[in-house]
Structures are given as structure tokens and as C-alpha cells.
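Undergrad: What would the 3D arrangement of this be:
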Amino acid sequence: MPSAFQFQCHLVLIFLAASKGETRYLEVRDAGEDDPFLLLSEDLKRELSAGQIYRRSLRCIDMLSIEGQFTFTADQPQLHCATFFIGEPEELITIHYDFVNIDCRGGDFLKVFDGWILKGEKFPSSYDHPLTTSQRYVDFCESGNIQRSIRSSQNVAMIFFRIQLPGNGFTVTVKKNSNLFPCNVISQTPSGRFTMVIPHQHRNCSFSIIYPVMIKISDLILGHLNGLFLKRALVSP
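TA: The predicted model follows:
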């Protein structure tokens with residue numbers, strides 16, 4: 001990730017190996033005052049009226065937590081850009097290309113990644129995500145009109161792009177869809193309570209918090225695994 005990406009993210013990762021009928025309760029407390037997601041979300045929501053589609057220009061490095069139509073137009077060569085999208089834990093992100101004008105043959109690119117990449121680390125990790133790393137990338141220059149809509153597997157997604165010719169750019173529409181059983185989650189709130197249920201699935205799940213916080217795991221049920229049943233209350237500082 002380029003050095004221009006200057007906001008700091010403190011990730012607290014809780015990796016949960018799912019087995020049979022699991023339920024998790026997590027309480028997040030004592031967050032700091034630096035709260036980019038909440039400020040961004042509330043500011044944007046105040047600008048919207050009922051039934052309106054929110055529209056605005058994208059910056060080279062941007063972060064969004066609201067639906068709408070977003071346009072990037074290069075005013076100079078932009079070589080290392082990324083936009084991060086985040087929804088509520090029980091939401092998925094759908095990114096649709098409305099308009100794209102880039103020079104793929106000249107070295108431009110526009111890619112969607114199913115998850116986030118921060119300082120070289122992928123979320124969810126390769127161990128937790130249902131897709132392989134190569135399947136999580138959708139390159140517009142390779143797929144073109146074949147795949148104009150991409151839906152994430154969790155509540156975060158990102159696009160990263162390089163556009164060298166001023167005046168070129170793209171427009172995307174971002175929508176959110178419900179996810180009844182979220183498995184991998186990044187929380188955009190510094191406090192609250194979250195329950196994770198993975199019914200009858202054998203898979204890894206994770207819950208990440210982008211704040212220095214106090215975490216309390218109030219209940220943990222791992223189900224039956226080789227005859228072992230685990231249910232206990234845990235507290236993590």
C-alpha cells in the first residue's frame with residue numbers, strides 16, 4: 001500500500017474456527033476519539049434526503065460507508081489510488097461499473113478486491129476467505145463488460161486503480177445487500193455488541209476492530225468437534 005495512505009488502522013483480530021451451530025457475543029468498549037468511519041457516515045447521511053441517490057467525486061485515497069454513485073476523474077497522472085468501502089456487519093457490498101474510460105494497453109488498471117488490503121495484509125486472510133487470492137481480484141481490463149457488477153463476500157471491499165492520462169476516469173454505483181450469517185467482519189463502530197452465528201458450517205471466521213479498544217467475549221460456543229464440546233465465557237483486554 002502506498003505511503004500516501006496515511007490514516008492509521010489498529011486491527012484487533014479475533015479468529016474463530018467454526019464447527020457446528022456456533023454463536024459469539026462480542027462487546028467493544030473504550031474506543032478513542034479518532035473515529036473516521038462514524039464521522040464520514042454521519043456527515044454523508046445528513047446530506048441525503050429521502051429517495052435521493054448520493055453522488056460525489058472520489059479522491060485518490062478514499063473511504064466510504066454509504067451507498068451512492070461515485071466518480072473519479074484524473075486531473076494528473078494517478079499511479080497509486082484506492083477506495084475502501086465498508087458496510088454494517090450484516091451487509092455485503094456490490095460495486096457496479098457505470099462508466100469506465102481508462103487506457104488498459106497504456107498501463108492503466110482498475111481492480112476490485114473482495115476484502116481489504118492494509119499495509120500488505122489481506123482481510124479476511126487467505127485462511128478465512130472462501131475464495132482463493134486470485135479469485136478475489138476482478139480486473140476490469142481483463143473482464144471488461146463481462147463482469148460489470150461485483151459483490152463482496154463480507155462487509156468490506158475495495159477498488160484500486162492507476163490512471164495516467166488527465167481527464168480519464170470511471171463511475172461506479174455502490175449498493176449494500178443483506179447477509180443473514182456474516183462470517184468475516186470489520187466493525188466500523190468503536191462500541192457495541194455483536195453476535196456471530198455460523199450454523200452447521202465448518203469454516204474459519206474473523207471479527208476485526210479498527211480501533212484500540214477493550215473487548216469482552218461474553219459467550220463462546222464451539223459446538224462438537226471430535227466429541228469435544230466447549231462453551232465458556234471469555235474476557236480479552
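Undergrad: which residues of this protein score low on pLDDT?
TA: Filtered on pLDDT under 70, the chain yields the residue ranges 1-51, 145, 200, 222-237.
Undergrad: so where do the helices sit in it?
TA: For the chain, the helices defined by DSSP state H occupy 36-47, 140-143.
Undergrad: gap between the residue nearest to Asn177 when sequence neighbours are not counted and Val156?
TA: Among residues not flanking Asn177 along the chain, Leu92 sits closest, at 4.6 Å (Cβ to Cβ, 6 or more residues apart in numbering). Any C-beta I mention is one placed from the backbone N, CA and C, and that applies to glycine too. Distance, Leu92 to Val156, by Cβ to Cβ, to the nearest Å: 10 Å.
Undergrad: same question, Gln69
TA: Going from Gln69 to Val156 by Cβ to Cβ gives 19 Å.
Undergrad: Name the residue in the two with the higher neighbour count.
TA: Between Gln69 and Val156, Val156 has the larger neighbour count (other Cβ atoms under 10 Å), namely 25 against 16.
Undergrad: close enough to count as contact, that one and Pro89?
TA: No: Val156 lies out of contact with Pro89 (Cβ atoms under 8 Å); the separation is 10.2 Å.
Undergrad: can you pull up the bridge partners for the residue positioned nearest the centre of the chain?
TA: Of all residues in the chain, the one closest to the mean position by Cα atoms, centre = their mean is Val156, 1.4 Å from it. For Val156, the beta-bridge partners are Ile86 (DSSP bridges).
Undergrad: show me what contacts it?
TA: Val156 sits next to 84-87, 93, 115-116, 123, 186 when contact means Cβ atoms under 8 Å, 6 or more residues apart in numbering.
Undergrad: Specify which member of those is nearest to Ile150.
TA: Of all these, Ile93 has the smallest distance to Ile150: 8.7 Å, by Cβ to Cβ.
Undergrad: What is the neighbour count of that closest one?
TA: Applying other Cβ under 10 Å, I find that Ile93 has 25 neighbouring residues.
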